[in-house]
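S.K.: Sequence and predicted structure, then a few things I'm wondering about:
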Amino acid sequence: MTTATTPEPAPHDRAGIDRTGIDKTGIDQATALDAADPLAGLGELFTLPADVIYLDGNSLGALPGAVPDRIAATVTGEWGDGLIRSWNDADWINAPRRVGAKIAPLVGAAPDNVIAADSTTVNLFKVLSAALARRPQRRKIITETRNFPTDNYIAEGVIRQTGCGHQLVHAGSVEAIRDLLDDDVAVLMLTHVNYRDGSVHDMAGLTRAAHDAGALVIWDLAHSAGVMPLNLAGCDVDFAIGCGYKFLNGGPGAPAFLYVAPRHLGGDGQPLTGWFGHADPFGFEPHYRPAADISQYLCGTPPVLGLVALEAALDLWDGIDIGQVHTKAQQLTGYFIDLVEARCGGHDLALISPRDAACRGAQVAFTHPTGGHAIIAALIADGVIGDFRAPDVLRFGFAPLYTRFVDVWHAVDRLADILDQRRWDRPEFHTRRKVT
Ligand SMILES: *Cc1c(COP(=O)(O)O)cnc(C)c1O
């Protein structure tokens, strides 16, 4: 297993720039912050290439070192030798609930209220449909214009599907959300940490406001789970969904998860009434009968290999204090903002993430009027991986389990160099690929 290490700064980096004259005094602070970091040792649990500084764990989490062996054992032993017997003998059948129970403490839920299934997008379809069915007299769904597009797209699809004249109302600000909560609102549907700028909503306060108006709430936790303490049960949240491949490190296309409050379990729920959500899947009854528990939110056969990878990734959270993870996220992001502003001034980068750490997730975004995509491409060529979000956002994620303060320092060092030398403005960095 290789570990999350960054090479000492070479006198000449891969772009062939002489760096011998660069002032490295600032790195002492980063080294000291790493030395004081209670989570510092956890980076060794991940496999990261030695020549990469990875600031995109908010988009695809790094590979936990334990995953390849777990997958291999499942493939050769449980699939190869066990064959179909492994549904019972290796307990594949309970993997969605078992994995859900491992996510539960990270989101502040009881184990029986979380299940791993499908994608975040599909899970939103399920819980939004279930929520609307619980408020049949009401016609409005409140979202934000800046919500992650898939969430709003799915709401549009659910509205078309139900054909009951529901309306998706886009709020432009937090104040507008509160103002829009009237007695025709069925559901308030928000993403807790915004995917673009990393700003955090007040989950407790907005949930209360929605409930005061008689509405239900759905929180998308794609950028919060694994970053900060969450308290779905304590906030009295109705439904939540979240992502397995971002800060939970479950791998590309990992199963997502969903949460349903105990009071909403039982009876009719979600509309994808497949056999895995049936009260007795192997009774092979002629008609659908919903399971009374969270299993109702399954649809078809679960993806066992994906669940095994996600489960192995979740096992490394055992004993980790999520409060410390949050503190480190705030420190890493704050340190990055400070360094960028100190070293990259005069290059038209504008911070769009909150300056107040309490209002921020584990990511930081800047806009640039023309060079957003090219600057990220130039950084990636230099071994610093962040991402670009159209039209003009440079986005950097700081997964606290494996990102070090010296990584942040080196990342900004390279960013400053790319900007100072205007290296981003080369033709090769202006070609946009399919995934940014
Ligand atoms: C990443 C993300 C998703 C992803 O959904 P998929 O179904 O996994 O593609 C959904 N919502 C938000 C807010 C996200 O950031």
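M.R.: Nice, thanks for sending it over. Numbers count the residues shown, from 1 in each chain.
S.K.: isn't Val340 right up against His368?
M.R.: No: applying CB atoms under 8 Å, one finds Val340 not in contact with His368, separated by 11.5 Å. In short, each C-beta sits where N, CA and C put it, glycine included.
S.K.: any common contacting residues for these two?
M.R.: Overlap of the contact sets of Val340 and His368 (by CB atoms under 8 Å, 6 or more residues apart in numbering) consists of Leu349.
S.K.: more crowded one of those two?
M.R.: Neighbours of Val340 and His368, each counted by other CB atoms under 10 Å, are more numerous for Val340; the result is 23 against 20.
S.K.: Secondary structure of the more buried one: a helix, I assume?
M.R.: Yes: under DSSP: H, G, I helix; E, B strand; the rest coil, Val340 sits within a helix.
S.K.: Which residues are in contact with it?
M.R.: Applying CB under 8 Å, 6+ apart, we find Val340 in contact with Leu349, Leu351, Phe366, Val412, Leu415.
S.K.: Now the second one: closest residue in space, sequence neighbours ignored.
M.R.: Pointing back at Leu351 there. Counting by CB to CB, 6 or more residues apart in numbering, Phe366 is the residue found nearest to Leu351 once chain neighbours are left out, at 5.7 Å.
S.K.: is that neighbour in a bridge, and if so with what?
M.R.: Leu351, Leu394 (DSSP bridges).
S.K.: and the gap between it and Leu124?
M.R.: Summarising the geometry, the distance separating Phe366 from Leu124, computed by CB to CB, to the nearest Å, is 29 Å.
S.K.: before we move on, back to that, so which of the contacts of Val340 is surrounded by the most neighbours?
M.R.: Among those, the one with the most neighbours (other CB under 10 Å) is Leu415, at 28 neighbours.
S.K.: So that residue sits against Val384, correct?
M.R.: Yes: under the criterion of CB under 8 Å, Leu415 is in contact with Val384, at a separation of 7.1 Å.
S.K.: Surely Val217 is in a strand?
M.R.: Yes: the assignment for Val217 is a strand, going by three-state DSSP.
S.K.: rewinding a little: any idea which of the contacts of Val340 is the one closest to Ser59?
M.R.: Phe366 (16.3 Å; CB to CB).
S.K.: I'd like to know how far the closest one sits from Ala204.
M.R.: As defined by CB to CB, Phe366 lies at a distance of 30 Å from Ala204.
S.K.: can you check Gly361 too?
M.R.: From Gly361 over to Ala204 the distance is 16 Å, taken as CB to CB.
S.K.: Just want to know which of these two has more residues nearby.
M.R.: Neighbour tally, Gly361 and Ala204, criterion other CB under 10 Å: the higher count belongs to Gly361, 27 against 13.
S.K.: for that one, phi and psi?
M.R.: Recorded main-chain torsions at Gly361 are phi -90, psi -150, according to degrees, to the nearest 10.
S.K.: can you pull the contacts of the closest residue to it other than its chain neighbours?
M.R.: The shortest distance from Gly361 to any residue that is not its chain neighbour, by CB to CB, 6+ apart, is 3.6 Å, and that residue is Val193. Residues in contact with Val193 (CB under 8 Å, 6+ apart) are Ser199, Val200, His201, Leu221, Ala222, His223, Ser224, Val227, Gly361, Ala362, Gln363.
S.K.: So which of these reach the ligand?
M.R.: With CB under 6 Å from any ligand atom as the criterion, the members of those in contact with the ligand are Ala222, His223.
S.K.: Restricted to strands, list the contacts of Val193.
M.R.: Residues from these lying in strands, with DSSP state E as the criterion: Gln363.
S.K.: Using PyMOL, define a selection of the buried residues within the contacts of Val193.
M.R.: A single PyMOL command is used to select the members of those judged buried by 16 or more other CB atoms under 10 Å:
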select buried, resi 199+200+201+221+222+223+224+227+361+362+363
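S.K.: Surely Phe46 is in contact with Tyr402?
M.R.: Yes: if you go by CB under 8 Å, Phe46 and Tyr402 touch, sitting 4.5 Å apart.
S.K.: how about the residues of the stretch 151-300 of the chain that lie near the ligand?
M.R.: Asp151, Thr191, Tyr195, Asp220, Ala222, His223, Cys243, Ala256.
S.K.: is it true that His309 touches Asp69?
M.R.: Careful, residue 309 is Ala and not His. No: using CB under 8 Å, Ala309 and Asp69 do not qualify as a contacting pair, with a distance of 11.0 Å.
S.K.: now the helices: where do they sit in this structure?
M.R.: Applying DSSP state H to the chain gives helices spanning 27-35, 67-73, 86-89, 95-107, 120-133, 149-162, 174-180, 203-212, 304-315, 322-343, 372-381, 405-420.
S.K.: Give me the nearest residue to Ala155, chain neighbours excluded.
M.R.: In this structure, Ala155 finds its nearest non-sequential neighbour in Leu168, 4.9 Å apart by CB to CB, 6+ apart.
S.K.: Is the one you found in contact with Ile154, as I believe?
M.R.: No: judged on CB under 8 Å, Leu168 makes no contact with Ile154 at a distance of 10.1 Å.
S.K.: neighbour count winner among these two?
M.R.: Set side by side, Leu168 and Ile154 show more neighbours around Ile154, with 21 against 15, by other CB under 10 Å.
S.K.: Local confidence estimate at the more buried one?
M.R.: On pLDDT, Ile154 comes in at 98.
S.K.: In contact with the residue nearest to it when sequence neighbours are not counted, which residues?
M.R.: Here the nearest residue to Ile154 in space, its sequence neighbours aside, is Leu124; by CB to CB, 6+ apart that works out to 4.8 Å. Listed by CB under 8 Å, 6+ apart, the contact partners of Leu124 are Thr150, Asp151, Ile154, Ala155, Met189, Ile218, Asp220, Ile241.
S.K.: how about 7 Å then?
M.R.: Asp151, Ile154, Ile241 (CB atoms under 7 Å, 6 or more residues apart in numbering).
S.K.: Can you check what angle separates the lengthiest strand in the chain from helix 149-162?
M.R.: Longest strand in the chain by number of residues, with DSSP E as the criterion: strand 185-191. When axes from the mean of the first three to the mean of the last three CA atoms, to 10 degrees is applied, the directions of strand 185-191 and helix 149-162 differ by 160 degrees.
S.K.: Many thanks, we can stop here.
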